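> Make a model of this:
(2 chains)
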Number of protein chains: 2
Amino acid sequence: MITVTIIGNGNVATHLTNAFSKTKNVNATQVNSRELKAVPQADVTLIAVSDDAIAEVSSKIKNSFVVHTSGSVSLNSLQNKTRKGVFYMLQTFSKDKEVNFSEVPFCLETENEGDKKLLESLAKSIGKKIYSISSEQRKVLHVAAVFVNNFTNHMYKTGNDICEEYNVPFEILQPLIKETAQKIETISPIEAQTGPAVRNDKKTIKNHLDLLNKKQQKIYKTITKSIRNGN
Amino acid sequence: MITVTIIGNGNVATHLTNAFSKTKNVNATQVNSRELKAVPQADVTLIAVSDDAIAEVSSKIKNSFVVHTSGSVSLNSLQNKTRKGVFYMLQTFSKDKEVNFSEVPFCLETENEGDKKLLESLAKSIGKKIYSISSEQRKVLHVAAVFVNNFTNHMYKTGNDICEEYNVPFEILQPLIKETAQKIETISPIEAQTGPAVRNDKKTIKNHLDLLNKKQQKIYKTITKSIRNGN
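Take a look at the predicted model:
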C-alpha cells in the first residue's frame, strides 16, 4: 500500500484523487491548499497547485517526500527540507472530461533511485506510459506541448469562428481534425504537411486572406510564411 | 450501376478509384489528365487535378456531367458545355496512408436536384457523411480547414523540431495531440483552451520564449497575443 496526500483542488488534483481511489494499492487523501496546518503524513505528498504557488506551499510541508506535478517548474524549486520529486502528467485536464490515465505519459524525476521506484509504482497503479525526464527535458516538453496543444486548440478555435461567421457547421471539420492528429502517428509532421502554403499556391492564399478579419490574417500570414520557409 | 470516369493521377484520384473498385454499384475508370483525347463516357466525370488545371481540363471534356473535387474552386469555374457539379471530400489524403471513407464528409454541389441525387448515390457507395454545400460555403470550409489541418500540422512540426533539438522523444506528445483533437468533439474550442497564454502567465511565457529560436518565437508571440485578445 502506498499512501498519498494530494494538495490542491484544481483539475489535476481532483482527477488524480479520483483515479487513485479506484486502485487497490494506493490510499489517497485530497487536501485544500489553504489548509496546510494539518497535512496528513504519507509516503508521497503530491503538490498539484498553480506553478506560482509551488515554492510557498512546499516550504510549509514537513512530510518526508514532496513532489510537484508541474511541467514548467524545476525540481529544485521545491522548498521543503526533505526529499523532492516531480510527477508530471503530460496531458490536458478539463473539469468535465474524464481522463484515460492509461494513455497519459507520466514524466518522473527524483533525487535517488529508491524514490524513482516509488513514483513508478504510483504511476503504474493508474497508468502505463512511464518516462524518466529531467527538469531540463521537462521544460522542453512543456514548450512543445504549448504548440501541439494550446496553439493547436487556438487553430481549432479560429476555424470554428470562421465557420460561425459564415453559418457553416463546424462539425464537418471534425473528421479532418481527427485525421490530422492520427496521421502523425505513422508519418512525420514534415511529411504530413499539405495545403496552399507548402505548395506556394499564391492564388488560394490570396482568396483565403480575403475571407479573414485582420487578426485572423495576422495568424494566417505568420504561419504560412513559416511553412514556406520550412521552419 | 453508376459509371464514373476519374481524371487525374494524384492522391485524391487514386484513393477514389481504389474505393469505388471495392463497391458493387460503381464502375470507375481512372484516366491520366494528359491523355484527354479518349475520355470514356460515364454518368459522372470526376476531375481530380490541381486547382489551376480544372478550367482547362474541363474545357476539353464533352461528357454529359463534369464534376471537380476541389475545396477552393467554384462550380462555375468548370468550362465544360454540359452539366456541372462539385464532389469535395473534406479530408487530407496522403499517398501512403489508407483513407477511411466512412469518416470523410462529402460536400456536394450541383445545378439541379437530379444531379444532386446522383452524386449522393455515388458518395453513399463509399461514405456516410453527406452534406449539401454551396460554392460560397465550400470556400469558407476550405479556409477553416487550412487552420485546423495545415496550420495545426505546422504546430506539430514545430513541437517536433523543439523536441529534436533538445533530444527529447516526440512520441511523449502523441497522447496529448490525440486528446486535444478528441476534446473538441465534446466541448467547444474556446472552453478547451488551456495554457500560459489564456492564464496570462507571463513568467512561463518568458521562459518558453528563451528556449525558442527567432522563427519559433514569432509564431509563439503571434498566437499567444491572439489567445490573450480572445480572437
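
> Thought residue A:162 was touching residue A:212, still the case?
Yes. Taking Cβ atoms under 8 Å as the definition, residue A:212 is a contact partner of residue A:162 at 7.3 Å. In this view, the C-beta of every residue, glycine as well, is placed from N, C-alpha and C.

> secondary structure element for the residue of chain A most remote from its centre?
For chain A, the residue at maximal distance from the C-alpha centroid (Cα atoms, centre = their mean) is residue A:203, at 38.0 Å. Assigned by DSSP states H and E, residue A:203 falls within helix A:202-211.

> Okay, buried residues for the helix or strand following that helix please.
Using DSSP H and E, the helix or strand that follows helix A:202-211 in sequence is helix A:214-228. For helix A:214-228, a neighbour-count test (16 or more other Cβ atoms under 10 Å in any protein chain shown) marks A:215, A:216, A:218, A:219, A:220, A:222, A:223, A:224, A:226, A:227 as buried.

> likewise stretch A:19-28?
So stretch A:19-28, judged by 16+ other Cβ under 10 Å, has buried residues A:19, A:20, A:26, A:28.

> hey, what's in contact with both of residue A:212 and residue A:162?
Counting by Cβ atoms under 8 Å, 6 or more residues apart in numbering or on different chains, the contacts common to residue A:212 and residue A:162 are residue B:143.

> Please identify which of these two sits among more neighbours.
Applying other Cβ atoms under 10 Å in any protein chain shown to residue A:212 and residue A:162 shows that residue A:162 carries more neighbours, namely 26 against 19.

> give me the element the closest residue to the more buried one other than its chain neighbours is part of.
Leaving aside its sequence neighbours, residue A:162 sits nearest to residue B:144 (Cβ to Cβ, 6 or more residues apart in numbering or on different chains; 4.5 Å). Assigned by DSSP H and E, residue B:144 belongs to helix B:135-145.

> following that helix, which helix or strand comes up?
Per DSSP H and E, helix B:135-145 leads on to helix B:152-165 as the next helix or strand towards the C-terminus.

> any idea of the mean pLDDT in that next one?
Across helix B:152-165, the average pLDDT comes to 97.

> again with stretch A:52-69
Mean predicted confidence for stretch A:52-69 is 96.

> Quick one: residues in contact with that stretch.
Residues from elsewhere that reach stretch A:52-69 (Cβ under 8 Å, 6+ apart): A:5, A:7, A:12, A:16, A:33, A:36, A:39, A:41-49, A:70, A:73, A:77-89, A:115, A:118-119, B:201, B:203.

> ok, 7 Å please
By Cβ atoms under 7 Å, 6 or more residues apart in numbering or on different chains, the surrounding residues in contact with stretch A:52-69 are A:5, A:7, A:12, A:33, A:36, A:39, A:41-49, A:70, A:73, A:77-80, A:82-89, A:115, A:119.

> List only buried entries from those.
Among these, those classed as buried by 16+ other Cβ under 10 Å are A:5, A:7, A:12, A:33, A:39, A:42-49, A:70, A:73, A:77-78, A:80, A:83-89, A:115, A:119.

> ok, residue A:169 - how many residues close by?
By other Cβ under 10 Å, the residues close to residue A:169 number 14.

> list the contacts for the closest residue in space to it that isn't next to it in sequence?
Closest residue in space to residue A:169, ignoring its immediate chain neighbours: residue A:163 at 6.8 Å, by Cβ to Cβ, 6+ apart. For residue A:163, the contact set (Cβ under 7 Å, 6+ apart) comprises A:169, A:170, B:140, B:144.
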